[in-house]
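Student: let's see this in three dimensions:
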Amino acid sequence: MHVVGGKRERMRQRANMVAAAAIVAGLSGLVGCAGSGTGADASQASSKTTVTSPGSGADASTAAAGPTTTAATATSTQTGFEGATDGPRTAPPDGTGTALLRAVRVGRNVGFERIVFEFEGSSRPGYRIRWIDGPVTADGSGNVVSVAGAAHLEMIMEPASGVDMQDGHLTYTGPDRILVTQQTKLLRDLVRTGDFEAVLTWVAGASRRVPFRVQTLSAPTRLVVDLQD
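Tutor: Model prediction:
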């Protein structure tokens with residue numbers, strides 16, 4: 001009886017051990033599954049972070065570029081150079097008779113340097129303004145005129161003159177060559193190269209070719225050339 005009882009006791013213990021082992025194995029499997037799930041989530045989270053990170057970087061770059069672009073646009077707006085190019089500009093005259101030149105001025109501003117031709121009365125001449133190659137020549141004689149600077153901007157105004165042909169008096173009494181170097185950095189020279197048969201020509205010498213714009217203003221009548229600096 002004791003032998004049988006001992007066998008039964010050993011069989012019960014063995015069954016308990018098997019059951020315990022099965023429980024442990026099951027728990028280990030659950031833990032393993034949970035670990036795999038966490039690993040996959042971590043991988044996805046890492047993947048999401050990788051995708052999001054460049055996005056954030058791009059957004060950061062865009063944000064950084066935004067103010068810069070805005071500031072540049074604001075500067076351009078202040079200096080008024082929207083659409084400015086280094087190509088030729090032309091316009092017909094506005095008014096009757098010959099526009100009589102009274103004064104020529106130059107000035108340096110933030111972002112550009114300015115040339116101003118001021119005329120008497122309200123008539124404004126037509127103009128042809130362009131960068132030119134080769135030597136600068138005088139209108140009428142064709143003689144070569146020395147103009148400082150590596151680039152030359154020719155400004156032809158017609159009908160215009162510094163002389164009132166009705167009575168022969170000079171309306172422009174300033175110099176044919178205006179010393180601009182003490183007032184400007186881009187502009188190196190400004191020379192009258194022609195005043196012949198109502199065609200008035202000035203040439204500006206600059207250190208390089210740059211975009212420019214042309215404006216007409218009134219009270220007094222002015223033709224304004226701004227060179228982007």
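
Student: could you chop the protein up by domain?
Tutor: Here the domain assignment for the chain is 1-79, 89-228, based on automatic domain parsing.

Student: tell me the mean pLDDT for the first one?
Tutor: Mean pLDDT, domain 1-79: 36.

Student: check stretch 155-172 too.
Tutor: For stretch 155-172, the mean pLDDT works out to 97.

Student: which residues in this protein form helices?
Tutor: With DSSP state H, the ranges of helices along the chain come out as 2-79.

Student: wait, L217 touches D226, no?
Tutor: No: using C-beta atoms under 8 Å, L217 makes no contact with D226, being 11.6 Å away. To be clear about C-beta, it is placed using only N, CA and C from the backbone, and glycine gets the same treatment.

Student: more neighbours: which of those two?
Tutor: Using other C-beta atoms under 10 Å, the more surrounded residue of L217 and D226 is D226, with 23 against 12.

Student: residue contacts, the more buried one?
Tutor: Each residue near D226 by C-beta atoms under 8 Å, 6 or more residues apart in numbering is listed here: 79-81, 84, 109, 112-115, 212-215.

Student: ChimeraX command for the buried members of these?
Tutor: Listed next is the ChimeraX selection for buried residues among these, using 16 or more other C-beta atoms under 10 Å:
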select :79,81,84,112,113,114,115,212,213,214
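
Student: make a markdown table out of the contacts of D226 and add distance to G194.
Tutor: Below are those laid out as a markdown table (distance: C-beta to C-beta, whole Å):
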| residue | distance to G194 |
| --- | --- |
| T79 | 30 |
| G80 | 29 |
| F81 | 29 |
| A84 | 26 |
| N109 | 28 |
| F112 | 26 |
| E113 | 23 |
| R114 | 22 |
| I115 | 16 |
| F212 | 20 |
| R213 | 23 |
| V214 | 19 |
| Q215 | 23 |
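
Student: just the ones in strands from the contacts of D226, please.
Tutor: Among those, the members falling in strands (DSSP state E) are N109, F112, E113, R114, I115, F212, R213, V214, Q215.

Student: good, we can wrap up now.
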